[in-house]
Structures are given as structure tokens and as C-alpha cells.
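Visitor: The sequence and its predicted three-dimensional model are supplied below.
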Amino acid sequence: MTWRPRSSPAGFFGIGATLVLGFATLASLLFAIRQAVGFGMFVALLVALICGVFGLTILIFTYGYFTLRYRFERQALVVRWLGRQEAVPFAKVDGIFAGPRLGQAVRVRGLNWPGYHVGVGRTRGMGVVRYYTTTSNLDDVALVVTPAATYALSPADPTGFRQELIRRVEESNEVEGAEAEPNGRSFPPVLRDATFPLLLLASLALLAVSVGYVSLKWEGLPETIPLHFAADGTPDQLGAREEVFRVPGIGAAIMIANLGLGLALYARERAAAQMLWAASVVVQLLVLVATARILH
């Protein structure tokens, strides 16, 4: 039996924000390609890149909102969100309560949108609380208490959900080894991993410096410039000065690809995802060095 979460404005917010950022990305790119190479083009390209990255991130979390599910399986309540799932064995449920039992407003360390909360909080009465809710109204929340943590959920029918859960808990028999522990943490750790925003910002900053450096040097560049150098430092490949933007362009493509791959891999291979994001920073640094060498 699968329960859908309560509807909230978060879905419209996510769709609207994605469309706005997508439009801003497209408009910035169109503006950039109509500008003469210089500071104006640099700013437009930077805005397009930032809007594109944030638009992709919001799109991913919007997908998570629309696919959030609470499912009753044979021996456990399973919460599914963004391709991850966490099992709460019925045998480990100590209590089932209505949301007001929390005693305070929703406070989450993780994803916080209007009417959409996924993450971890802490209350005086319930201790650690893991939120998978699509509402900020505690009257629409069901609390599932276990020794490890309290789970805050927001099924469309919280009363019916609690009644069904109580029935299943009462009927369940604890069988040693029959139920697996949760398949993952309460929510994707990427939401609380500081390396993700830090490495992303570092990549963006280095890429911005590369494009900005090209823009500042543009007016003084000849029509033909060296694009590659031999081992002894002499140029062995020439090209039009417009081709200098190819280097930051490759860096931007690698950064976006690593961002998407890292988010996809993080749930199963955290170290690999972090290496991809760190590699993006290294690539942007190499792009900056290569750009400076070409324009020097």
C-alpha cells in the first residue's frame, strides 16, 4: 500500500522557479551572443551559467517533491525520495502521534522550501526528527517514533495513515534477521555535505575569473593568436582570437557534467561524487592557467 504526500505550493514553486531560471538562462545566452566580446558578454555568460546550475538543482528537488512516497511493505514502512529509500521496521516503532506532539514549528537542517521539508531537526520532547514532509502545518503531520529517531511524514490523509500504521505495528511479529536496517540515511547526505556548495562555488569562481580575464584582454588581442605551445615554449598552433573562449567553454561543460554525475552517484558512491566535484575545481584551475598562458 502506497500513500502519497499532501499537496502543497512547493510543487508550483519548484516548477515556477525552474521555468524562471530556465528563461533567464536562455535570455542571458541570447543576450551574450549578440554582444561584442567584452565585459558585457562576460557578465551575461556568467549569469547564464549561475541560473543554469541553480535551475538544474531546483528541478532535481522538484522531481523529489512529486515522487515522494510512503509505502507499507510486509515488515516495514518505507519512505522513498529522489531514488533513495529508508525502511522503518514496524517492530521498532515505539509510538505514533499527530504532528502537534512535536511542540514546536518545523525546523529542518536540510531542504527548506515553502511547504516542503526534507532533512533533520531536533526537538526537546522528540529528540532527533527526520522530516519527509510537504507541509509546514503540524496538524497535517504524522509522527513515527523509533529508538533511533522520530520520523515526520505528511500523508494526504494523516488520520487514516496513522490508523493503518497502528494496525500493522500491532500485527507485526519481530523475526530475528527478517528485516533489514534502513537502506540509507534519512535524506541524501548531499543536503548536509558542505563540500558540495564549497566545491561548486570554487569552480564557478575560477571559471568566472577565466572568462573575465579573456574579456579584459580582448581589446588588445591580435586577430590571430597562439592556441598551443610546444615543449620548448614556442607556439605550434595558431587560430582566430575568438577561439580563446573554447578553453573556458570546455571548463564549463566539464563542470556541469561533473555536477550532474556527482549528484547521481552521491547516494551510492560518496567519495566518487566528491572526487568529481574536486576534479572540476582542478579543471577550472587548469583552464585559468591555460587561458593566462595563451593571452600572456
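Guide: Received it, and whenever you're ready, just let me know what you need. Numbering: from 1, shown residues only.
Visitor: ok, the closest residue in space to residue 265 that isn't next to it in sequence to residue 8 distance?
Guide: Distances taken as CB to CB, 6 or more residues apart in numbering place residue 273 nearest to residue 265, at 4.6 Å, with adjacent residues excluded. The way it works is simple: take the backbone N, C-alpha and C, and place the C-beta from them, glycine included. Remark: distance between residue 273 and residue 8 (CB to CB, to the nearest Å) = 29 Å.
Visitor: between those two, which one's more packed in?
Guide: residue 273 (24 against 21; other CB atoms under 10 Å).
Visitor: ok, the residue nearest the centre of the chain - contacts?
Guide: In the chain, the residue lying closest to the centroid (CA atoms, centre = their mean) is residue 57, at 4.9 Å. With contact set as CB atoms under 8 Å, 6 or more residues apart in numbering, residue 57 has no partners.
Visitor: Regarding it, what is its secondary structure?
Guide: Three-state call for residue 57 (DSSP: H, G, I helix; E, B strand; the rest coil): helix.
Visitor: before we move on, the earlier item: show me what counts as buried in the helix or strand encompassing the residue nearest to residue 265.
Guide: Per DSSP states H and E: residue 273 is located in helix 270-295. Within helix 270-295, the residues that count as buried by 16 or more other CB atoms under 10 Å are 273-274, 276-281, 283-285, 287-288, 290-291, 294-295.
Visitor: which residues of the stretch 1-150 of the chain fall in helices?
Guide: Ranges of helices in the stretch 1-150 of the chain, per DSSP state H, counting those that start in this stretch, are 10-33, 39-67.
Visitor: what's the answer for the stretch 151-296 of the chain, then?
Guide: Ranges of helices within the stretch 151-296 of the chain are 158-171, 195-217, 246-265, 270-295, based on DSSP H, counting those that start in this stretch.
Visitor: and of those, who's closest to residue 91?
Guide: helix 158-171 (8.0 Å; CB to CB).
Visitor: Can you give the distance of that closest one from its chain's centre?
Guide: Relative to its chain's centre, helix 158-171 lies at 33 Å (CA atoms, centre = their mean, to the nearest Å).
Visitor: quick revisit: hey, least reliable of the helices of the stretch 1-150 of the chain by pLDDT?
Guide: Ranked by mean pLDDT, the helices of the stretch 1-150 of the chain end with helix 39-67 at the bottom, a mean of 84.
Visitor: Run the chain-centre distance for that one.
Guide: A distance of 11 Å separates the centroid of the chain from that of helix 39-67, by CA atoms, centre = their mean.
Visitor: So for it, what gets flagged as buried?
Guide: For helix 39-67, the neighbour count (16+ other CB under 10 Å) marks 41-53, 55-62, 64-65 as buried.
Visitor: okay, the angle between that helix and helix 195-217?
Guide: With axes from the mean of the first three to the mean of the last three CA atoms, to 10 degrees as the basis, helix 39-67 and helix 195-217 are set at 160 degrees to each other.
Visitor: From what I see, residue 55 and residue 25 are in contact.
Guide: Yes. If you go by CB atoms under 8 Å, residue 55 and residue 25 touch, sitting 6.1 Å apart.
Visitor: Need the contact partners of stretch 151-164.
Guide: With contact meaning CB under 8 Å, 6+ apart, stretch 151-164 is reached by 1, 3-7, 70, 72, 79, 88, 96, 98-99, 102, 106, 117, 121, 129-135, 139-145, 186.
Visitor: Oops, could you answer that again for stretch 106-126 instead?
Guide: Contacts for stretch 106-126 (CB under 8 Å, 6+ apart): 8-10, 13-14, 61, 64-65, 81, 101-104, 128-136, 138, 143, 145, 150, 152, 186-187, 191-192.
Visitor: Now render the helices of the stretch 1-150 of the chain as CSV, adding distance to residue 247.
Guide: Below are the helices of the stretch 1-150 of the chain laid out as CSV (distance: least, CB to CB, whole Å):
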stretch, distance to residue 247
helix 10-33, 17
helix 39-67, 13
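Visitor: what's the offset of the helix holding residue 273 from the middle of its chain?
Guide: Relative to the chain's own centre, helix 270-295 is displaced by 20 Å; criterion: CA atoms, centre = their mean.
Visitor: Now the buried members of the contacts of stretch 106-126.
Guide: Among the contacts of stretch 106-126, those buried by neighbour count (16+ other CB under 10 Å) are 8, 10, 13-14, 61, 64-65, 81, 101-102, 129-136, 138, 143, 145, 150, 152, 186-187, 191.
Visitor: how about low-confidence regions in the stretch 151-296 of the chain?
Guide: Residues of the stretch 151-296 of the chain meeting the criterion pLDDT under 70: 173-194, 225-237, 239, 267, 296.
Visitor: Which ones among the contacts of stretch 151-164 lie within strands?
Guide: Taking DSSP state E as the definition of strands, the contacts of stretch 151-164 contribute 3, 70, 72, 79, 88, 96, 98, 117, 121, 129-133, 142-145.
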